[in-house]
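Novice: My questions are about this predicted structure, shown below with the sequence.
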Amino acid sequence: MEQIAAEAGITKPILYRHFGDKTGLVAAVTLRYLEELRGALSRIDPALDLRDRTQRQFELGLAYLERRPGLLRFIDRELGFRASETWEGEHVSGLLQIVRGVVAARGLDPRVAGPWAHGIAGLVMGTVLEWLREREASRASALPREEMARAATALLFDGVGGLLEAPPP
């Protein structure tokens, strides 16, 4: 908190007065991140099929994070999504609706929708965090944003089975 107050050019008591505590500050940062990201994602053409729309979401999300190095790692390290859920509610709700629709359309047990939506969210988070780490370690060896978006979309839509069935390059 001391470091953040110094960076912002204010005193720690002012920071605490506005956010209450560190958890409040982390929640506010996380909610702002989500608001900005949702704004960018809302401009994606809804006429695109789900796979193309998802790849475009990855591209936009990765571009956003490239401009804000360290933001997602900070949110992850400080459990920002958990802290901000108490303010805003479930962050995976949109994804959960999509998964519920797919599960229902396939006639699967509806009880899998929640765990699957959270599993997908974890897969996305882990993939993006690792990509960011690779970029920081050595920009030359990390996948470019567009390739990473294609690879993440392939993993999400084709799964491990699809990767195992694909012919080697």
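Specialist: Structure received.

Novice: use CA for all of it now, contacts and neighbours both
Specialist: Will do.

Novice: any chance you could map the strands in this protein?
Specialist: Counting by DSSP state E, one finds no strands in the chain.

Novice: could you pull out the helices for it?
Specialist: With helices called from DSSP state H, the chain shows them at 2-8, 12-19, 22-41, 50-66, 71-77, 80-88, 93-105, 113-137, 145-165.

Novice: Okay, angle between the last one and helix 113-137 too, please.
Specialist: Yep, that's helix 145-165 we're talking about. 130 degrees (axes from the mean of the first three to the mean of the last three CA atoms, to 10 degrees).

Novice: how about the helices of the chain in CSV, adding mean pLDDT?
Specialist: Formatted as CSV, those follow (pLDDT from 0 to 100):
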stretch, mean pLDDT
helix 2-8, 79
helix 12-19, 86
helix 22-41, 88
helix 50-66, 93
helix 71-77, 89
helix 80-88, 75
helix 93-105, 89
helix 113-137, 91
helix 145-165, 89
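
Novice: Quick one: the ones you listed as TSV, columns for mean neighbour count too.
Specialist: Shown next, in TSV, are those (neighbours: other CA atoms under 10 Å):
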stretch	mean neighbour count
helix 2-8	12
helix 12-19	14
helix 22-41	17
helix 50-66	18
helix 71-77	15
helix 80-88	17
helix 93-105	15
helix 113-137	16
helix 145-165	15
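
Novice: so who does residue 109 touch?
Specialist: Taking CA atoms under 8 Å, 6 or more residues apart in numbering, we find residue 109 in contact with residue 103.

Novice: Quick check: the gap between residue 161 and residue 155.
Specialist: For residue 161, the distance to residue 155 equals 9 Å [CA to CA, to the nearest Å].

Novice: hang on, I meant residue 74
Specialist: Using CA to CA, residue 74 is found at 25 Å from residue 155.

Novice: Check residue 45 too.
Specialist: 22 Å.

Novice: Need the residue closest to the centroid of the chain.
Specialist: Of all residues in the chain, the one closest to the mean position by CA atoms, centre = their mean is residue 125, 5.2 Å from it.
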